[in-house]
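Engineer: everything below, folded, please.
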Amino acid sequence: MADCAEPNLDRVLVVGHSLRLAAATVWRGETQKAEEALILQMIGIVVHLFPHRSKDELLKGVKKLVKKALSVKEHISEEKALYYCNWESGGKAFEPERMEPSGEKRQGKVAFCTFPGLIRIELEVNTKTVHVVVRCGVLLQADIS
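Structural biologist: I've put the predicted structure just below:
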């Protein structure tokens with residue numbers, strides 16, 4: 001991912017974040033209908049897989065499974081807007097707070113990224129805060145020469 005200070009990237013992140021939050025808001029309103037439909041579909045399948053179980057037992061298990069699946073779906077929809085892989089580009093100055101060197105050197109310019117990092121971007125109305133969750137692995141030019 002390019003440097004997060006780029007103005008166009010900020011616009012893309014804000015628009016993407018807004019769309020995901022809007023979709024999550026709409027999804028919350030539809031959750032009850034979706035949950036009922038999913039439970040009916042799952043019961044139709046599970047009853048054939050476990051014919052020795054009572055319908056009440058199956059209904060209890062299917063309800064629990066569907067509720068957890070919908071909860072995971074909701075969290076993923078919201079969180080996708082906040083977490084991004086971070087690939088540092090060659091030629092960029094080494095930043096110890098964002099990068100983990102794979103060689104012996106601890107300063108200089110990046111030759112190439114060896115493993116992506118993970119950053120969390122918190123978007124507010126007029127601000128954006130970047131938190132490094134996992135530093136990306138880089139090989140520095142000084143380690144190559």
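
Engineer: drop to CA atoms for contacts and neighbour counts, all remaining ones
Structural biologist: Will do.

Engineer: distance check, whatever residue is furthest in space from the centre of the chain against residue 91.
Structural biologist: Distance from the C-alpha centroid of the chain, by CA atoms, centre = their mean, peaks at residue 52 (40.1 Å). Distance, residue 52 to residue 91, by CA to CA, to the nearest Å: 65 Å.

Engineer: got it, and residue 32?
Structural biologist: 52 Å.

Engineer: quick check: which element contains residue 118?
Structural biologist: strand 117-123 (DSSP states H and E).

Engineer: also residue 22?
Structural biologist: Secondary structure assignment for residue 22, by DSSP H and E: helix 7-49.

Engineer: mean confidence score for that helix?
Structural biologist: In this model, helix 7-49 carries a mean pLDDT of 75.

Engineer: got the domain ranges for this protein?
Structural biologist: Domains of the chain are assigned by automatic domain parsing as 7-79, 83-144.

Engineer: how far does the last one sit from the chain's center?
Structural biologist: Relative to the centre of its chain, domain 83-144 is centred 18 Å away, using CA atoms, centre = their mean, to the nearest Å.

Engineer: just to revisit the earlier point, what helices or strands is the strand holding residue 118 leaning on?
Structural biologist: If you count contacts as 3 or more CA pairs under 8 Å, 6 or more residues apart in numbering; DSSP states H and E, strand 117-123 packs onto strand 83-86, strand 128-134, strand 136-140.

Engineer: try it again with 7 Å
Structural biologist: strand 83-86, strand 128-134 (3 or more CA pairs under 7 Å, 6 or more residues apart in numbering; DSSP states H and E).
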